[in-house]
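Visitor: Sharing a sequence plus its predicted fold:
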Amino acid sequence: MKKVLITGATGGIGEALATAFAKEGYALILLYGGNHKKAQALKERLLPLVPVSIHAIDFTLLEELEDGLQSLVEENPPLDVLVHAAGFSHRGFFHELQEVDYRRLFQINVDPLHPLMKAFLPGMLQAQKGNILCISSIWGAKAASMEVAYAMTKGAVEQFTRSLASELAYMGIRVNAIAPGGVATKMLQNLSEEEQWVFQEDIPMGRLATPEEIAEMALFLVEKAPYITGQILTMDGGYTL
Ligand SMILES: NC(=O)c1ccc[n+]([C@@H]2O[C@H](COP(=O)([O-])OP(=O)(O)OC[C@H]3O[C@@H](n4cnc5c(N)ncnc54)[C@H](OP(=O)(O)O)[C@@H]3O)[C@@H](O)[C@H]2O)c1
């Protein structure tokens, strides 16, 4: 049975990813931060379909992350797919951003990529196959007033994606990212109601993406796109056109 590890599995996009991969028959290893209730409910909902394990690992605690990943590697055969969907966003002037929030943005959005790769790439390399997927954002490539540090982290995720893809392509491992615009999840609640309305008005397709649409694209990249690697796939209803 194929196996996928998903970070941020209790998020709006993470939950849709877990559901889509379960329907495709993947065993699930689900990582999340602190929402135990949602993780447990997700596990109960998907267990009738496939094996599911849930693991609370706070990415802001490096030791917890490294120890947690170490035991996951010991307990599991190599992964087929790893999706880094955990994320944190913060709005405000860059010069007013608290150090703790600046650090947090990198600790959750970028820093886990290194320990995750150290833990799970050796297995994929041995198997000479695997897929790494990141959930970036349109703000990884477009200027993001009031979200400068968030945009910095997503820019880093996109260069990780391209660079690791070029490093691993000849070993059968593909690395891609999806860059959504607005997706209807709790992350968007960072915007006031008025800001959400203005954002939506500016989307040529006139609506946000659903988490399920993002998950379908993730499955497409993994299952149906064997010649695509190092790409950042924008899904924004035409917002950045
Ligand atoms: N929603 C959008 O409009 C949008 C647009 C573009 C890109 N994205 C990107 O899409 C990804 C998923 O976003 P989403 O909308 O699904 O966000 P979300 O609903 O807010 O979920 C965030 C996820 O990240 C996890 N997380 C937060 N802090 C963590 C920590 N310290 N350690 C480990 N995990 C932690 C959360 O776990 P707990 O809740 O269990 O703590 C949750 O599973 C993110 O990378 C985001 O940047 C979202």
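Guide: Cool, the structure landed.
Visitor: ranges for the helices of this structure?
Guide: Under the criterion DSSP state H, the chain contains helices at 12-23, 36-46, 62-75, 99-109, 113-127, 148-168, 193-201, 211-223.
Visitor: Need the mean per-residue confidence for stretch 188-208.
Guide: Taken as a whole, stretch 188-208 has an average pLDDT of 91.
Visitor: Could you find the closest non-adjacent residue to the residue most central in space within the chain?
Guide: Of all residues in the chain, the one closest to the mean position by C-alpha atoms, centre = their mean is Ala85, 1.7 Å from it. Nearest residue to Ala85 in three dimensions, chain neighbours excluded: Gly8, at 3.9 Å (C-beta to C-beta, 6 or more residues apart in numbering). C-beta: built from backbone N, CA, C; applies to glycine.
Visitor: What residues of the least confident helix or strand in the chain by mean pLDDT count as buried?
Guide: Using mean pLDDT, DSSP states H and E, helix 193-201 stands out as the lowest-scoring helix or strand of the chain, at a mean of 89. Within helix 193-201, the residues that qualify as buried are 196, 200, counting by 16 or more other C-beta atoms under 10 Å.
Visitor: Tell me the gap between that helix and the middle of its chain.
Guide: From the chain centre to the centre of helix 193-201 is a distance of 24 Å (C-alpha atoms, centre = their mean, to the nearest Å).
Visitor: Ok, stretch 103-117 next?
Guide: 11 Å.
Visitor: tell me the mean pLDDT over it?
Guide: The model assigns stretch 103-117 a mean pLDDT of 98.
Visitor: mind saving the C-alpha coords of that stretch as PDB?
Guide: The C-alpha coordinates for stretch 103-117 follow below in PDB (Å, rounded to 0.1, in the frame of the first residue of the first chain):
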ATOM      1  CA  ARG A 103      10.700  33.300  13.900                       C
ATOM      2  CA  ARG A 104       7.400  31.400  13.900                       C
ATOM      3  CA  LEU A 105       6.800  32.000  10.200                       C
ATOM      4  CA  PHE A 106      10.100  30.400   9.300                       C
ATOM      5  CA  GLN A 107       9.900  27.700  12.000                       C
ATOM      6  CA  ILE A 108       6.600  26.400  10.500                       C
ATOM      7  CA  ASN A 109       6.700  27.300   6.800                       C
ATOM      8  CA  VAL A 110      10.300  26.700   6.000                       C
ATOM      9  CA  ASP A 111      12.500  25.100   8.700                       C
ATOM     10  CA  PRO A 112      10.800  21.700   8.900                       C
ATOM     11  CA  LEU A 113      11.700  21.000   5.300                       C
ATOM     12  CA  HIS A 114      15.300  20.200   6.200                       C
ATOM     13  CA  PRO A 115      14.600  17.700   9.100                       C
ATOM     14  CA  LEU A 116      11.700  16.200   7.000                       C
ATOM     15  CA  MET A 117      14.100  15.600   4.100                       C
END
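Visitor: Residue numbering should commence at 44 henceforth.
Guide: Noted, 44 is the first residue going forward, which turns the last one into stretch 146-160.
Visitor: Next, the buried residues of that stretch.
Guide: 147-156, 158-160.
Visitor: Just confirm yes or no for that stretch near the ligand.
Guide: Yes: using C-beta under 6 Å from any ligand atom, stretch 146-160 reaches the ligand at Ile151.
Visitor: Does anything pack onto the lengthiest strand in the chain? Which helices or strands?
Guide: Longest strand in the chain, counting residues (DSSP state E): strand 216-223. Contacts defined by 3 or more C-beta pairs under 8 Å, 6 or more residues apart in numbering; DSSP states H and E place strand 216-223 against helix 156-170, strand 173-178, helix 191-211, helix 254-266, strand 275-278.
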